[in-house]
Structure formats: structure tokens, C-alpha cells
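> dropping a prediction and its sequence here:
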Protein chains: 2
Amino acid sequence: MDISKFLNSAELDPLDKQPLYLQIALLIADKIHKEILPAGTKLPPERELADLFSVSRTTAINAYRKLEQMGLVWTKVGSGTYVAQTLNVESSSEVPWPQLFTAYPQNPLASILRDLVSTPAPGTISLAAGMADPALYPLDIFTELFNRNIATANLADFGHIPTEGYTPLRKAIAAMLSEKGISTSTENILTLSGSQQGLYLLSKVLLEPGDYVVMEGPTFIGAIQVFQAAGARVLSLPCSGKLSLELLEDFIVRYRPKLFYSIPTYQNPTGRVMPAQERQDLINLAKRHRLVIVEDDPYSDLYYDQKPPQSLKALDSYGGVVYLGTFSKILFPGLRTGYLAGPPVLINRLALEKQYIDLHSNNIAQWLVTMFLNEGKLAPHLETVRREYKKRRNAMTKALQRLCANDLEFTVPEGGCYFWCKLKQAGTSQRLLHEAAKNRISFVPGEAFYTMPTQDKELRLCFTAHNEAVLLESVQRLAKSLTQITKKNQDNDVSPSSVWPII
Amino acid sequence: MDISKFLNSAELDPLDKQPLYLQIALLIADKIHKEILPAGTKLPPERELADLFSVSRTTAINAYRKLEQMGLVWTKVGSGTYVAQTLNVESSSEVPWPQLFTAYPQNPLASILRDLVSTPAPGTISLAAGMADPALYPLDIFTELFNRNIATANLADFGHIPTEGYTPLRKAIAAMLSEKGISTSTENILTLSGSQQGLYLLSKVLLEPGDYVVMEGPTFIGAIQVFQAAGARVLSLPCSGKLSLELLEDFIVRYRPKLFYSIPTYQNPTGRVMPAQERQDLINLAKRHRLVIVEDDPYSDLYYDQKPPQSLKALDSYGGVVYLGTFSKILFPGLRTGYLAGPPVLINRLALEKQYIDLHSNNIAQWLVTMFLNEGKLAPHLETVRREYKKRRNAMTKALQRLCANDLEFTVPEGGCYFWCKLKQAGTSQRLLHEAAKNRISFVPGEAFYTMPTQDKELRLCFTAHNEAVLLESVQRLAKSLTQITKKNQDNDVSPSSVWPII
């Protein structure tokens, strides 16, 4: 067996900073684990190995010595170096792992989405994820804050801190919310490893299997998944037009739901803004029934026309609104820093739960965000971001009107990240997604945001993650995909979708 | 009502970087929320407010304007400014929060510990928490890495990344473990928000209420809490002397436990090292019964004499050992970065669960740790830390032998963070803790590490968090406390502890 074809220096990463002998040893180890070099294979003599990788003989000897230490090769004196019988964790696993796992609710749509959205073909423009544009991440400001403050930082701030969060950050967030009309102080704030964690903690603390929750339909996928994983049953409150408070009251009286999850401002995915009067009416209704409202508010700082109405939490007259915020959409997701505002008794109970999960959130991120807030960096950054996203919103509106108006209905979002569009023609948004994948453009089909089957005519397009030129290109590709499914619909004389028995 | 005694400029934080009008407004808002200034209170005229805080009249006007926007005060033209009827979230809460919460298992010891350990009197030396010394946190290295690399960093690394972890970090951890004889590659690694999260995820994925787990007795409190919160029943395997594999096999056959949780190296709290032969015998037994072993290994890099035997994971011949590691004890806790090594099928299932909890762990910390590992910073840092902690271990040994040998039994730990001591005399470690609190010294009573009642004669002392001088002082205080309880025991003619009916 000529080993040299399996081992060559081109496979070493030139940017790798580890010593060469170790890099070579790990490369060979990898091939042993993958059984490219099976047990018993004779490896090249040290001199040959040195030549293969253009290294000194000492380096080659050290590489083999390392592999011997790792138990992967053995040396027969006078004969050479051989691959040992290794304990390959994957292939020889005798523990039947999947049989040991607790049940996991499989969502069939999830796997479709994962295929089409998460692992797109190269060159695909994704309008799927609801994300800030990396080009706008304020890393320069964070770098400056880090450098100016690290030398005088309190070492204890990098040790264990209270589960409720880094106290100066809790204070800064309380001040920020007070400026928005939400009366809170430090003890009302829990910092989170992303606002997703707030949803998870609330589900642990408030929901038992079989409990009901009310959610807008459509709504944020991550919230649906967390509540359903907790065994909750979802009551869906349509939110395309006016929110029906009559239906909500009906739900309350019939099912005694544990909470109502709402995104009142620039809703995900519809972009809807709940009008001021509706907010007040909702609060009055919730107060009457002591209904807990979980207000998820990741987008309200991203307004492109006028400021949105005050948050539900600001109107809270009965202590029943729990408020979730995040820095992911306005700063960057990698901070994994979100927060929850609520009464101290709830903060305490959530912290007891959070303690099991991660003791407390990341100190470095909390320390950085504190300085960002306290030094007044947020307001100017938000102005930049709003100015830029507004241009993108406008460019996207123009392109959609020009190229897709025959096929898609949509309203222009006043803020946030999304266009919510409806197919005018036959066919479903999942079919469109398959066609779009070929044209290297992706989005999230509307079906994903519902807890009950729909006609699947809707799609969500995120416009914040790309600049205007890329957005224009993306709409051109979308228009092409729309034309293609229209043509196929005509060719195939599409019949209404049917439910077929699975046999 | 003379308001001026409730409002004065001394309460403003001179380091606060927010505008003065806002600081004043928030200070007043705080007093309104706390009802120090109740609804209807007439606030001082603007000119007086300006004098009180030594600010301009414009600043005073702006402060009141802000409070008005926040809905906290109102102005009666020609009369003055009054505190409005506010919506105080805490005091007027109409939602009966505690009634809404899911059950939470209360541990009576937990509250004792919280009182005595977490909120000690000023000047108390804590030997309680098992922590690195903040003075040894390598923040200087992190600062240098941050600065040298931030300008060329990939922006996508600060956006959303896979739940399994930052790929370069997973790769670097796999290489680090391979060097320790644990054959892993990237797909075997899950990065965690601290290794506590690994325990939580494993409990979610492997345990259903009523399942059995085997744990060493005594063992890590955090693991006990997580498994018990998942509804598991704990079988306690004594680990003070030789581990009884006969008893373990008996547990396996009788109860079919889901897993065995073990800290084989410098065990918490006993400091015990499982000998090499016992490790091999344990693996053979576990392989025969396909028993999952969760190996928690936070301390093995902290050896002060010779290197410990190879990890259980390195000996794993049946794919059943799950390995947990962390950077909290060797770098600093605020990184909240730990990792789990196991078969890909398990990593995938854990990641599906982790997605609900926090999407993925913190990017900044993962990016920094990757550079720390890849640039070879860990080995020299560990040498420094080991050298320093060895000196402390020796100083503590000498002090305990000199001052406490009559009252305490203990063995000298070969590594890790703890002395595990046993009271020779009458009285319990919880009584000692109360006495010690008066002498301003704290530790964790042994009872906390067990899942069943004990005689409570043991105590854990952490020696890594303080320098030699502080350790000496702490042992002097401990010796004094020991003398005091001995004296009290003689005075009171202590009878053996009894169980009294609760009526």
C-alpha cells in the first residue's frame, strides 16, 4: 500500500499555529480515525515522512512519538511503525444511544427548512434569517471600549456573578427601559443568554404539559417550538388584520390559558404594528382576567417612519406583562445578551431555574454591553442602523412593486426586518421555495410560522441583512422563480391540494 | 412635607456618564417607585430643585420634563409639579405570580448555605466556592489576543453560528483532547455555556422522572441538583475509600440506572484520585452492562505532584463515556465556556435541546478561547497556575497540621482545589459553620454534598482562591472556631443528635 497518496503536505493548514510535528500527528490521527489508514497499515519510515511533508527528521520522529502516546500507532523495533487497533468511538459504539434518549417532538417542516434554508447552494442569497447586517456590527466601538476599560476592570467581574445578571448591566437596562416609559429598577431585570432563553425559562416556570398558551398566528418559530416542547397546547389568534379581542376573551374563558405571547411591534413575521388603542384595550382585557402577557420586543428600535406606540409593558397596570428584549437585532447576535423585565418574585423564580442551566450569562458580553449603554453609544448606533435599513426597505419596496406585483401581495413594513408577502396565484410557498433554491435565493415559507395547517400561500423576506444591490438581485431571482412556478402551474393544470392517505 | 431631605446630590453617582438631567430624573423616579415620594406629593419648584443638586435651572426643567414623559409626575399650571398616581409593578401587582409557578423542589440546606456562604459578614474569608484566584486570571493574554486579531476577524463569527459551537473552537478542543489520549474530532465536541449546561442537557436528553442515576457519595452539588430536578432518583456509591464496583454492579442489576456520574480525578469534594487499575475495572464493568458514564473532569490539569492517570474517556472501549470539560477552573469562570465530548449521535441530540435554551453559546468567549488554545497559551498558563496552587496547598497543609490536627482529620490533596476534612470531636460541621461565621471564616459543610443524611462531620475547604498569607489567617480562624465548639460541647454535655417530631 502506497501511503504517500493519503498523506501530503497540501493538507496542512498554513494558518495553523500549532507546532508542525503536532499538525502532522493530528492529520495522520484523523486518517486513522476515518479508517483511511486501517489498523495494521505500515506507515512510511521517518525519513520518508520527513520528505513527504518537507520537514526535518526530528519533526517526523516527534510526530510518530506523539501518535504512539495517543495510542494510535506502535513501533516494532527493526521493522517500522504500524497503525494500532484503535478504539474508534463512532464505529465501535456498543451503547445504543438513540434508544436511551427521551422523546423529541419531530417537526417535519423543520427538516425541509434545514435542507433548503440552512445549507443552501453556493452563491445563494438568503432572505431567510431575520438578522442584522454583519457590515453594521459595531465591533470598532466594542474594541475601543474593551481597550480603554480592561486595565481598570474589576477582576471579580470575570468570576462568578449572580444568576440574575451583572448588576451594572441590570441597572443600565432598567434605566434604558425607564426612558422608554417602562418603570423598572435593577431588581426587575434578569439578563439572559439571548432572549430565546427568556422564552425557555418562562416555559419551565409557567407551563406544565397540557397547559394552553395563546399566540398570534402566524408568529415567531422559536417561541412555538419552546412552548410546544414544554407540552403546551397553542391557541392561535389571527393577527393579519385587527386582533380579535373577542376571540381572545373567548379563549380565556374557555381554556384558561397560562399566557398570551405577543410581538406587538413589527411583528415577526407579518411586520404588523398593534395600534395604540388596541394595546390599551388588550391591557384592559388582560387585567380583567389577570392574564399574563409575554411581550417579545426585539424590533421596536428599528422604526423607519415614525416611532411605534408605547410598549404593552409601559401600559401595564396590573403587573402581568413580562417584557423580553435583546441586543441581537440592534448590535450583533454573537453577544448572546438579552433581558427580561418583570416583577421581582418572577425574576427570582426564573433565576432559580437559570442557575441549573448555565449558572449565569457570559460576563465579557455583559461587561461590554454595560459600557456601550452607559457611555451613550446606543442612540447614535441606532440612528445609523435605522438610516441604512430604511434605504433597504425602500429599495426592496420598489423592486417588489416593479418585478413581483403581479404575483405577490404585500404591505410596506414601517419597521423591523421583514416583508410578509402572499402569493396571488396557484401553488404554494414551499413549491416556490424549491424553485427559488434553483435560482439561488431563499426565504422562509409562511407555513413555518403557524401552529395549524394553512394554504401555504405566504412567505417572509428579510431585508436587513443585505445591501440595496444584493436586495435588487434577490428580487430579480424571486421574480424569475415566480414566473417559473406560474408556468408550471399552467402546464400541469394544478388541482387543489389534497390529503392523501399514508400507507 | 419637606422634600429636600429625600433628595440630595450626594446620591448621584459621580462616575455615572449619563446626562445630569436624566440622572436626577431617574433618582426621583426611583423614590416614586419605592413610594418614598407617594402619589400627590408636591415636588420642589424648578429653582429649588436646581439648588438642591447644584445644577442649572434648565437641567432641573429637563429632569421634570423627563419625569412627565415617563408618566410619573404632572404639572398643574400656576401651582407646581406633583407625583402622579403611578403604576407600581411591585406593590400593585394583581397577578398572583407564585400561584402560577410550576413546582420547585426546595432544598432546606440550600437556604442555610445561601445565608452563611453567599452573604457573609464583611471581612469574611471564604473557603467555600471552588474557584480560581482572580489574581491569576490571564486577562492580559486575552486583551493581547483580542487586539491583535479583532481587525482581521471574520464578521460572520459574530453572527449566528451552529448550536454545536464555533467550529474552530470545536476543532481546537478535539486536538487538545487528542493530545490527552482522548481520540476525538470536531463532530465529537459540543461547546457549552459552562460545563453545568452539559449536565443540564444530559438530564433533559437521558432522564425521565423516576429514572435512577448512580453518583459518588459525596459529590458535586450542582450535579445532584440538576439530576434531582429532572426527577431522577440518586443511588449513592461511597467514594471515601476504594470504590465498590460490586455495589455498582448490584445497582446496575437491580435498578438499571441511566448513567453513572463520576469525577474520577481530584474529586469534588473529597479530592480523591481514582487509581489507574480501578478506572480500567470500572470501564470493563460499564462495558459489560453498557452503562453510560458521565465523566466530569474540571480539575485534572491542576496536579501538584505527578500527572493523574488517564481519563475514563481515554480508556473508553465501548463508546459509553461522555466527557465534560471546562475553562472555568483553569482560566476564569466569566468565560462561561465548557465542552462535552461524545459520539456524534449524542452531540446532535444535545444540540437540538440546546437550541431551545440559548441557540448557541457566546461567540466572543468562544473566539477568544480558540486563539488562546491555537496559539499555545494554555500550557505555560497552566504551569504558572500549578506552581502557585502547589505552594498554597503546601502552606494550607502545614497550617492545618500545626493548628487543627487535634480536631480535624484530612489527607493532602494531590491536585484540584479542596481539602476534605473530618471532625474528630463531637458536634457537626453545620454547628462549626455557625461558629466560624462569627470568626469571619466560611466553608461548605459536608452534608451539602450528599443525597442522604449523614453524621455531618465533614467540611470542604477550598485553598486555590487565596494567597498563602490569607490561607494561614483562615486556618487560624478555623482553629479558633474549633476550640470554641469543643468548649461548648463540654459545657453542654452534648447528646447524640436526635430526630424530633415536627408538630
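Sure, I can see it.
> mind giving me the domain split of chain A?
Chain A breaks down by automatic domain parsing into domains covering A:4-101, A:125-136+A:380-487, A:139-376.
> chain center to the second one: distance?
It refers to domain A:125-136+A:380-487. 18 Å (Cα atoms, centre = their mean, to the nearest Å).
> can that domain be said to contact chain B?
Yes. Applying Cβ under 8 Å from any Cβ of the partner chain, one finds domain A:125-136+A:380-487 in contact with chain B at A:129, A:131-132, A:134-135. Just so you know, the C-beta spots here come from the backbone N, C-alpha and C atoms, and that holds for glycine as well.
> re the thing from before, of the domains of chain A, which is nearest B:G334?
domain A:139-376 (3.0 Å; Cβ to Cβ).
> gap between the two ends of that closest one?
End-to-end distance for domain A:139-376, by Cα to Cα, to the nearest Å: 16 Å.
> report the buried residues of stretch A:232-249.
A:232, A:234-237, A:239, A:243, A:245, A:248 (16 or more other Cβ atoms under 10 Å in any protein chain shown).
> and stretch A:385-399, by the same measure?
Neighbour-count burial for stretch A:385-399, counted by 16+ other Cβ under 10 Å, picks out A:385-386, A:388-389, A:392-393, A:395-397, A:399.
> for stretch A:426-444, same thing?
For stretch A:426-444, a neighbour-count test (16+ other Cβ under 10 Å) marks A:426-433, A:435-437, A:439-444 as buried.
> show me those residues that map onto strands.
Mapping the buried residues of stretch A:426-444 onto strands (DSSP state E) picks out A:441-442, A:444.
> A:I364 contacts B:W367, correct?
No. A:I364 lies out of contact with B:W367 (Cβ atoms under 8 Å); the separation is 10.2 Å.
> follow-up on the earlier one: please pick the buried ones from the residues of domain A:125-136+A:380-487 next to chain B.
By 16+ other Cβ under 10 Å, the residues of domain A:125-136+A:380-487 next to chain B give A:129, A:131-132, A:134 as buried.
> what is the nearest of those residues to A:Q99?
For those, the minimum distance to A:Q99 (Cβ to Cβ) is 34.4 Å, reached by A:A129.
> quick revisit: okay, the ones in strands among the buried residues of stretch A:426-444 in TSV with pLDDT next?
As requested, these are exported to TSV (pLDDT from 0 to 100):
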residue	pLDDT
A:I441	94
A:S442	92
A:V444	91
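> show me what counts as buried in the one helix or strand A:Q228 maps to.
Element membership for A:Q228, per DSSP states H and E: helix A:221-229. The neighbour-count check on helix A:221-229 (16+ other Cβ under 10 Å) flags A:221-229 as buried.
> partners of the helix or strand just after it, with directions?
Once the chain leaves helix A:221-229, the next helix or strand it forms, by DSSP H and E, is strand A:233-238. Strand A:233-238 sits in its sheet next to strand A:212-217 (parallel), going by DSSP bridges.
> for the strand it pairs with, the averaged confidence score.
For strand A:212-217, mean pLDDT is 97.
> show residues contacting it.
For strand A:212-217, contacts defined as Cβ atoms under 8 Å, 6 or more residues apart in numbering or on different chains pick out A:207, A:223-224, A:227, A:232-239, A:243, A:248, A:251-252, A:255-263, A:267, A:449-452.
> show me how far that strand is from its chain's centre.
21 Å.
> mind naming the longest helix for chain A?
Assignment by DSSP state H gives helix A:378-404 as the longest helix of chain A.
> so what secondary structure elements neighbour that helix?
strand A:418-423, helix A:468-492 (3 or more Cβ pairs under 8 Å, 6 or more residues apart in numbering or on different chains; DSSP states H and E).
> on that earlier part again, turn the buried ones among the residues of domain A:125-136+A:380-487 next to chain B into TSV, including secondary structure.
Output for these, formatted as TSV (DSSP: H, G, I helix; E, B strand; the rest coil):
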residue	secondary structure
A:A129	coil
A:M131	coil
A:A132	coil
A:P134	helix
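> between these, which is closest to chain B?
Closest approach between these and chain B, by Cβ to the nearest Cβ: A:P134, at 3.8 Å.
> isn't the closest one right up against B:A153?
No. A:P134 is not in contact with B:A153 according to Cβ under 8 Å; the separation is 10.6 Å.
> distance of the spatially closest residue to A:L243 that is not a sequence neighbour relative to chain B?
Closest residue in space to A:L243, ignoring its immediate chain neighbours: A:E278 at 5.9 Å, by Cβ to Cβ, 6 or more residues apart in numbering or on different chains. A:E278 sits 19 Å away from chain B when distances are taken as Cβ to the nearest Cβ, to the nearest Å.
> enumerate every residue touching A:E249.
A:285, A:289.
> element containing it?
Assigned by DSSP H and E, A:E249 falls within helix A:245-255.
> helix or strand right after that helix?
Next along the chain after helix A:245-255, taking DSSP H and E as the criterion, comes strand A:259-262.
> which outside residues touch whatever helix or strand comes next after that next one?
Downstream of strand A:259-262, the first helix or strand assigned by DSSP H and E is helix A:276-289. Residues outside helix A:276-289 that contact it (Cβ under 8 Å, 6+ apart): A:242-243, A:245, A:248-249, A:252-253, A:260, A:262, A:264, A:274, A:291-293, A:309-310, A:312, A:315-318, A:320-321, B:94.
> recalculate using a threshold of 6 Å.
Helix A:276-289 is contacted from outside by A:243, A:245, A:252, A:293, A:309, A:312, A:315, A:317-318, A:320, using Cβ atoms under 6 Å, 6 or more residues apart in numbering or on different chains.
> give the rounded mean pLDDT of that helix.
Per-residue scores along helix A:276-289 average to 96.
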